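>>> Here's a sequence, model it:
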Amino acid sequence: TFQFTVSVDHLFFIGSQLVALSHTGKVGVWHAMTQHWQIQDVIPITSFDTAGSFLLLGCNNGSIYYIGKCQFSKFMRF
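Here you go, the predicted structure:
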């Protein structure tokens, strides 16, 4: 059982990794190979999209985060 501690608003796959998003700014990723959840807090999320193996997050402060499939632990901002 996985406890996300907030409501899950969106649940989808990027490749073999399951992604859970909450509008509160929490991102959870299930790594199928390691069978391990990774959770990251960001600014509250207002929009998202995927582009190939990337996850793009639009946040309520105007930031756009992009996360690569192999680097979900490294949130980069532009």
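>>> ok, now which ones touch the residue most central in space within the chain?
The geometric centre of the chain, computed from its C-alpha atoms, lies nearest to Val27 (C-alpha atoms, centre = their mean), at 3.8 Å. Applying C-beta atoms under 8 Å, 6 or more residues apart in numbering to Val27 gives the contacts 19-21, 39-42, 45, 55, 57, 67, 72. Every residue, glycine included, has its C-beta placed from N, CA and C.
>>> could I get those residues as CSV with neighbour count and pLDDT?
Shown next, in CSV, are those (neighbours: other C-beta atoms under 10 Å; pLDDT from 0 to 100):
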residue, neighbour count, pLDDT
Val19, 19, 92
Ala20, 20, 94
Leu21, 21, 96
Ile39, 14, 88
Gln40, 15, 87
Asp41, 12, 89
Val42, 18, 88
Ile45, 20, 96
Leu55, 22, 91
Leu57, 21, 93
Ile67, 23, 83
Phe72, 18, 56
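>>> quick one: which of these is nearest to Phe2?
Comparing the contacts of Val27 against Phe2 with C-beta to C-beta picks out Ala20 as the nearest, at 8.2 Å.
>>> In this model Leu11 seems to touch that closest one, though I could be wrong.
Yes. Counting by C-beta atoms under 8 Å, Ala20 does reach Leu11; the two are 5.3 Å apart.
>>> Flag the shaky bits of the protein, pLDDT-wise.
Scanning the chain for pLDDT under 70 picks out 1, 69-78.
>>> which residues in it form strands?
Here the chain has its strands, by DSSP state E, at 10-14, 17-22, 26-31, 36-41, 45-51, 54-59, 64-68, 76-77.
>>> Now for Ala20 and Leu11: what residues contact both?
With C-beta under 8 Å, 6+ apart, Ala20 and Leu11 have no common neighbours.
>>> Which strand residues bridge Asp41?
Counting by DSSP bridges, Asp41 forms beta bridges with Lys26.
>>> how near is it to Thr24?
9 Å (C-beta to C-beta, to the nearest Å).
>>> ditto for Ile43
Counting by C-beta to C-beta - Ile43 and Thr24 are separated by 10 Å.
>>> How about Gly62?
Counting by C-beta to C-beta - Gly62 and Thr24 are separated by 17 Å.
>>> So which of those two has more stuff around it?
More crowded of Gly62 and Thr24, by other C-beta atoms under 10 Å: Thr24, with 14 against 8.
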